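A.B. asks: Quick one: sequence plus predicted model below, questions after.
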Amino acid sequence: MYTIGQFSKIGKISTKMLRHYDKIGLIKPSFVNPENQYRYYEKYQVKDILRINKLKIYKFSLDEIKQIIEDKSNETLKKLLQKQINYITNEIEHNNSILLELKTSVENLKKGDDIMASKRNFEISVNNLEDKLVLSLRDIIPMDNISSLIGKVFQNIYRNNLEVCGNIMTVYYDEDFDESNADIEVCIPVDREFQTGTIIKTRILKGGLHAHTAFVGSYNEIGEAYAELTDWIEKNHYEIIGAPYDKYIKGPEAKCNPNEFITEVYFPIKHK
(Lines give C-alpha, C1' and ligand atoms only; values in the text may rest on other atoms or scores of the structure.)
Protein backbone atom coordinates (compact mmCIF):
# COMPACT_ATOMS: atom_id res chain seq x y z
CA MET A 1 0.00 0.00 0.00
CA TYR A 2 0.96 3.63 -0.54
CA THR A 3 0.34 6.45 1.89
CA ILE A 4 -1.48 9.47 0.49
CA GLY A 5 1.87 11.31 0.39
CA GLN A 6 3.53 8.52 -1.60
CA PHE A 7 0.54 8.25 -3.93
CA SER A 8 0.64 12.02 -4.38
CA LYS A 9 4.24 11.81 -5.63
CA ILE A 10 3.47 8.85 -7.90
CA GLY A 11 0.47 10.58 -9.46
CA LYS A 12 2.05 14.06 -9.54
CA ILE A 13 -0.98 15.51 -7.77
CA SER A 14 -1.41 17.27 -4.44
CA THR A 15 -2.79 15.49 -1.39
CA LYS A 16 -5.43 18.24 -1.22
CA MET A 17 -6.64 17.29 -4.70
CA LEU A 18 -6.60 13.58 -3.82
CA ARG A 19 -8.90 14.33 -0.89
CA HIS A 20 -11.16 16.24 -3.26
CA TYR A 21 -11.19 13.27 -5.68
CA ASP A 22 -12.20 11.08 -2.74
CA LYS A 23 -15.01 13.48 -1.80
CA ILE A 24 -16.52 13.53 -5.31
CA GLY A 25 -16.05 9.79 -5.82
CA LEU A 26 -13.50 10.05 -8.61
CA ILE A 27 -10.84 7.88 -6.98
CA LYS A 28 -11.15 6.68 -3.41
CA PRO A 29 -8.43 5.27 -1.15
CA SER A 30 -8.57 1.49 -0.88
CA PHE A 31 -8.28 1.75 2.90
CA VAL A 32 -8.84 4.46 5.51
CA ASN A 33 -7.42 3.82 8.97
CA PRO A 34 -10.42 4.21 11.33
CA GLU A 35 -8.17 5.40 14.16
CA ASN A 36 -6.36 8.29 12.47
CA GLN A 37 -8.22 8.59 9.13
CA TYR A 38 -4.99 8.12 7.17
CA ARG A 39 -5.67 7.21 3.55
CA TYR A 40 -3.89 4.37 1.71
CA TYR A 41 -3.88 3.39 -1.95
CA GLU A 42 -3.15 0.12 -3.76
CA LYS A 43 -0.75 -0.42 -6.67
CA TYR A 44 -3.60 -1.15 -9.10
CA GLN A 45 -4.86 2.40 -8.51
CA VAL A 46 -1.74 3.88 -10.09
CA LYS A 47 -3.17 3.27 -13.55
CA ASP A 48 -6.40 4.99 -12.43
CA ILE A 49 -4.68 8.19 -11.30
CA LEU A 50 -2.52 8.23 -14.43
CA ARG A 51 -5.64 7.86 -16.57
CA ILE A 52 -7.28 10.76 -14.75
CA ASN A 53 -4.17 12.89 -15.35
CA LYS A 54 -4.24 12.04 -19.05
CA LEU A 55 -7.92 12.95 -19.37
CA LYS A 56 -7.21 16.27 -17.62
CA ILE A 57 -4.55 16.99 -20.26
CA TYR A 58 -7.34 16.49 -22.82
CA LYS A 59 -9.15 19.31 -20.97
CA PHE A 60 -12.05 17.21 -19.72
CA SER A 61 -13.82 18.46 -16.60
CA LEU A 62 -13.76 16.33 -13.45
CA ASP A 63 -17.45 15.60 -13.94
CA GLU A 64 -16.76 14.35 -17.49
CA ILE A 65 -13.81 12.27 -16.25
CA LYS A 66 -16.06 10.65 -13.65
CA GLN A 67 -18.61 9.79 -16.36
CA ILE A 68 -15.85 8.24 -18.48
CA ILE A 69 -14.52 6.12 -15.64
CA GLU A 70 -17.97 4.90 -14.59
CA ASP A 71 -18.91 3.87 -18.15
CA LYS A 72 -17.06 0.58 -18.70
CA SER A 73 -18.38 0.34 -22.29
CA ASN A 74 -16.19 3.31 -23.36
CA GLU A 75 -19.17 4.86 -25.21
CA THR A 76 -18.95 8.00 -23.06
CA LEU A 77 -15.22 8.21 -23.77
CA LYS A 78 -15.80 7.95 -27.54
CA LYS A 79 -18.47 10.64 -27.45
CA LEU A 80 -16.46 13.05 -25.30
CA LEU A 81 -13.25 12.48 -27.26
CA GLN A 82 -15.03 13.47 -30.47
CA LYS A 83 -16.53 16.50 -28.75
CA GLN A 84 -13.07 17.56 -27.61
CA ILE A 85 -11.58 16.97 -31.07
CA ASN A 86 -14.21 19.28 -32.56
CA TYR A 87 -13.65 21.90 -29.87
CA ILE A 88 -9.85 21.92 -30.19
CA THR A 89 -10.05 21.91 -34.01
CA ASN A 90 -12.25 25.00 -33.87
CA GLU A 91 -9.87 26.62 -31.38
CA ILE A 92 -6.91 25.94 -33.69
CA GLU A 93 -8.74 27.44 -36.68
CA HIS A 94 -9.72 30.48 -34.60
CA ASN A 95 -6.15 30.98 -33.33
CA ASN A 96 -4.69 30.47 -36.80
CA SER A 97 -6.99 33.21 -38.08
CA ILE A 98 -5.79 35.56 -35.33
CA LEU A 99 -2.15 34.63 -36.04
CA LEU A 100 -2.57 35.34 -39.75
CA GLU A 101 -4.23 38.66 -38.97
CA LEU A 102 -1.37 39.64 -36.63
CA LYS A 103 1.21 38.83 -39.31
CA THR A 104 -0.73 40.86 -41.88
CA SER A 105 -0.91 43.81 -39.49
CA VAL A 106 2.86 43.69 -38.97
CA GLU A 107 3.46 43.66 -42.73
CA ASN A 108 1.08 46.57 -43.25
CA LEU A 109 2.78 48.56 -40.50
CA LYS A 110 6.14 47.97 -42.21
CA LYS A 111 4.62 49.49 -45.36
CA GLY A 112 3.56 52.54 -43.37
CA ASP A 113 -0.17 51.75 -43.47
CA ASP A 114 -2.51 52.83 -40.69
CA ILE A 115 -3.99 49.47 -39.70
CA MET A 116 -6.74 51.17 -37.67
CA ALA A 117 -8.02 53.29 -40.55
CA SER A 118 -11.00 51.90 -42.45
CA LYS A 119 -11.21 52.16 -46.22
CA ARG A 120 -14.44 50.20 -46.58
CA ASN A 121 -17.48 51.35 -48.53
CA PHE A 122 -20.80 49.66 -47.82
CA GLU A 123 -23.53 49.00 -50.33
CA ILE A 124 -26.81 48.61 -48.43
CA SER A 125 -29.83 46.85 -49.93
CA VAL A 126 -33.40 46.23 -48.81
CA ASN A 127 -35.08 42.96 -49.80
CA ASN A 128 -38.13 40.95 -48.87
CA LEU A 129 -36.63 37.61 -47.83
CA GLU A 130 -38.35 34.22 -47.82
CA ASP A 131 -38.78 32.09 -44.71
CA LYS A 132 -36.04 29.47 -44.20
CA LEU A 133 -36.21 26.07 -42.52
CA VAL A 134 -33.15 25.84 -40.26
CA LEU A 135 -31.69 23.48 -37.69
CA SER A 136 -30.82 25.74 -34.78
CA LEU A 137 -29.23 25.85 -31.34
CA ARG A 138 -29.52 28.84 -29.01
CA ASP A 139 -27.35 29.35 -25.95
CA ILE A 140 -25.77 32.01 -23.73
CA ILE A 141 -22.03 31.64 -24.23
CA PRO A 142 -18.78 33.61 -24.55
CA MET A 143 -18.40 35.02 -28.06
CA ASP A 144 -15.28 32.92 -28.60
CA ASN A 145 -17.41 29.76 -28.28
CA ILE A 146 -19.60 30.37 -31.34
CA SER A 147 -17.63 27.73 -33.26
CA SER A 148 -18.57 25.11 -30.66
CA LEU A 149 -22.28 25.84 -31.22
CA ILE A 150 -21.78 25.54 -34.97
CA GLY A 151 -20.02 22.21 -34.44
CA LYS A 152 -22.92 20.83 -32.38
CA VAL A 153 -25.47 21.76 -35.05
CA PHE A 154 -23.37 20.15 -37.80
CA GLN A 155 -22.99 16.99 -35.70
CA ASN A 156 -26.78 16.66 -35.60
CA ILE A 157 -27.07 17.37 -39.31
CA TYR A 158 -24.63 14.62 -40.26
CA ARG A 159 -25.85 12.15 -37.62
CA ASN A 160 -29.43 12.42 -38.90
CA ASN A 161 -28.69 12.56 -42.65
CA LEU A 162 -30.00 16.07 -43.15
CA GLU A 163 -28.89 18.09 -46.17
CA VAL A 164 -27.38 21.54 -45.73
CA CYS A 165 -29.24 24.02 -47.94
CA GLY A 166 -27.47 27.30 -47.27
CA ASN A 167 -24.89 29.28 -45.35
CA ILE A 168 -24.38 29.25 -41.58
CA MET A 169 -26.11 32.11 -39.78
CA THR A 170 -25.80 33.44 -36.23
CA VAL A 171 -28.61 35.44 -34.67
CA TYR A 172 -27.76 37.92 -31.88
CA TYR A 173 -30.54 38.51 -29.35
CA ASP A 174 -28.83 40.74 -26.76
CA GLU A 175 -29.86 44.38 -26.54
CA ASP A 176 -26.57 45.18 -24.79
CA PHE A 177 -23.39 43.44 -25.89
CA ASP A 178 -21.77 41.13 -23.35
CA GLU A 179 -18.76 39.30 -24.77
CA SER A 180 -18.69 36.71 -21.98
CA ASN A 181 -22.46 36.00 -21.91
CA ALA A 182 -23.87 36.50 -25.40
CA ASP A 183 -27.35 35.23 -26.30
CA ILE A 184 -26.64 33.58 -29.67
CA GLU A 185 -28.50 31.21 -31.96
CA VAL A 186 -26.72 29.27 -34.70
CA CYS A 187 -28.99 28.49 -37.67
CA ILE A 188 -28.13 26.24 -40.62
CA PRO A 189 -30.67 25.81 -43.46
CA VAL A 190 -31.68 22.15 -43.94
CA ASP A 191 -33.88 20.18 -46.34
CA ARG A 192 -36.51 18.81 -43.93
CA GLU A 193 -37.98 19.17 -40.48
CA PHE A 194 -36.37 17.19 -37.71
CA GLN A 195 -36.81 17.05 -33.94
CA THR A 196 -33.91 15.63 -31.94
CA GLY A 197 -35.82 15.75 -28.66
CA THR A 198 -33.26 18.27 -27.35
CA ILE A 199 -32.70 21.99 -27.59
CA ILE A 200 -31.34 21.44 -31.11
CA LYS A 201 -34.34 21.53 -33.45
CA THR A 202 -35.65 22.72 -36.78
CA ARG A 203 -37.62 25.93 -36.92
CA ILE A 204 -38.64 28.58 -39.40
CA LEU A 205 -36.32 31.58 -39.58
CA LYS A 206 -38.76 34.29 -40.55
CA GLY A 207 -38.16 36.26 -43.71
CA GLY A 208 -39.75 39.61 -44.48
CA LEU A 209 -38.20 43.00 -45.09
CA HIS A 210 -34.47 43.18 -44.28
CA ALA A 211 -31.74 45.76 -44.74
CA HIS A 212 -28.40 44.08 -45.37
CA THR A 213 -24.85 44.63 -46.49
CA ALA A 214 -21.71 42.62 -47.13
CA PHE A 215 -18.69 43.03 -44.88
CA VAL A 216 -15.21 42.06 -46.07
CA GLY A 217 -12.68 41.61 -43.29
CA SER A 218 -11.96 40.09 -39.92
CA TYR A 219 -14.91 39.34 -37.63
CA ASN A 220 -13.56 41.63 -34.91
CA GLU A 221 -14.14 44.64 -37.19
CA ILE A 222 -17.68 43.75 -38.28
CA GLY A 223 -19.02 46.50 -36.01
CA GLU A 224 -18.44 48.86 -38.93
CA ALA A 225 -21.16 47.10 -40.90
CA TYR A 226 -23.53 47.23 -37.93
CA ALA A 227 -22.92 50.96 -37.53
CA GLU A 228 -23.49 51.66 -41.22
CA LEU A 229 -26.71 49.64 -41.27
CA THR A 230 -28.04 51.22 -38.08
CA ASP A 231 -27.40 54.74 -39.42
CA TRP A 232 -28.86 53.91 -42.85
CA ILE A 233 -32.03 52.45 -41.33
CA GLU A 234 -32.59 55.56 -39.21
CA LYS A 235 -31.88 58.02 -42.05
CA ASN A 236 -34.22 56.21 -44.44
CA HIS A 237 -37.17 56.15 -42.02
CA TYR A 238 -37.16 52.48 -41.16
CA GLU A 239 -37.02 50.85 -37.74
CA ILE A 240 -35.42 47.62 -36.56
CA ILE A 241 -38.05 45.05 -35.51
CA GLY A 242 -36.01 42.01 -34.51
CA ALA A 243 -32.63 40.45 -33.83
CA PRO A 244 -29.92 40.96 -36.46
CA TYR A 245 -27.97 38.04 -37.86
CA ASP A 246 -24.75 37.34 -39.71
CA LYS A 247 -24.49 35.00 -42.68
CA TYR A 248 -21.03 33.53 -43.25
CA ILE A 249 -20.14 33.55 -46.94
CA LYS A 250 -16.37 33.02 -46.69
CA GLY A 251 -14.49 32.29 -43.48
CA PRO A 252 -11.69 30.27 -41.86
CA GLU A 253 -12.65 27.13 -43.80
CA ALA A 254 -11.40 28.89 -46.96
CA LYS A 255 -7.86 29.00 -45.45
CA CYS A 256 -7.59 32.63 -46.49
CA ASN A 257 -6.39 35.80 -44.80
CA PRO A 258 -8.99 37.10 -42.27
CA ASN A 259 -9.01 40.35 -44.24
CA GLU A 260 -10.65 38.35 -47.04
CA PHE A 261 -13.51 36.92 -44.94
CA ILE A 262 -16.96 37.78 -46.30
CA THR A 263 -19.93 38.11 -43.94
CA GLU A 264 -23.39 39.42 -44.77
CA VAL A 265 -25.20 41.31 -42.01
CA TYR A 266 -29.02 41.41 -41.91
CA PHE A 267 -31.44 43.59 -39.91
CA PRO A 268 -35.22 42.91 -39.97
CA ILE A 269 -36.98 46.25 -40.54
CA LYS A 270 -40.29 47.96 -41.24
CA HIS A 271 -41.31 51.44 -42.34
CA LYS A 272 -41.92 53.93 -39.55
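C.D. replies: That came through fine.
A.B. asks: What is the longest helix along the chain packed up against?
C.D. replies: Secondary structure assigned by DSSP state H gives helix 75-110 as the longest helix of the chain. Using 3 or more CB pairs under 8 Å, 6 or more residues apart in numbering; DSSP states H and E as the contact test, the elements touching helix 75-110 are helix 62-70, helix 146-159. Just so you know, the C-beta spots here come from the backbone N, C-alpha and C atoms, and that holds for glycine as well.
A.B. asks: now what about the helix or strand harbouring residue 9, what contacts it?
C.D. replies: Using DSSP states H and E, residue 9 sits within helix 4-11. With contact meaning CB atoms under 8 Å, 6 or more residues apart in numbering, helix 4-11 is reached by 2, 14-15, 18-19, 29, 38-41, 45-46, 49-50, 52-53.
A.B. asks: again, 10 Å this time
C.D. replies: For helix 4-11, the external contacting residues (CB atoms under 10 Å, 6 or more residues apart in numbering) are 1-3, 13-19, 21-22, 27, 29, 32, 38-43, 45-46, 48-50, 52-53.
A.B. asks: picking up where we left off before, buried ones in the longest helix of the chain, by neighbour count?
C.D. replies: 76, 77, 80, 83, 86, 87, 90, 94, 97, 100, 101, 104 (16 or more other CB atoms under 10 Å).
A.B. asks: Stretch 243-261 now?
C.D. replies: 243, 244, 245, 246, 247, 248, 251, 252, 258, 261.
A.B. asks: what about stretch 250-261, how long is it end to end?
C.D. replies: 5 Å (CA to CA, to the nearest Å).
A.B. asks: domain assignment for this structure?
C.D. replies: Segmentation of the chain into domains, based on automatic domain parsing, reads 2-70, 125-271.
A.B. asks: could those domains be laid out in JSON lines, adding distance to residue 109 and mean pLDDT?
C.D. replies: Formatted as JSON lines, the domains of the chain follow (distance: least, CB to CB, whole Å; pLDDT from 0 to 100):
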{"stretch": "domain 2-70", "distance to residue 109": "35", "mean pLDDT": "93"}
{"stretch": "domain 125-271", "distance to residue 109": "14", "mean pLDDT": "90"}
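A.B. asks: got the ones you listed as TSV, with distance to residue 112 columns?
C.D. replies: Output for these, formatted as TSV (distance: least, CB to CB, whole Å):
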stretch	distance to residue 112
domain 2-70	42
domain 125-271	17
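A.B. asks: Go through these and name the closest to residue 110.
C.D. replies: Closest of those to residue 110 is domain 125-271, at 15.7 Å (criterion: CB to CB).
A.B. asks: And for the residue lying closest to residue 201 once chain neighbours are set aside, the neighbour number?
C.D. replies: Closest residue in space to residue 201, ignoring its immediate chain neighbours: residue 195 at 5.5 Å, by CB to CB, 6 or more residues apart in numbering. Residues lying near residue 195 (other CB atoms under 10 Å) number 9.
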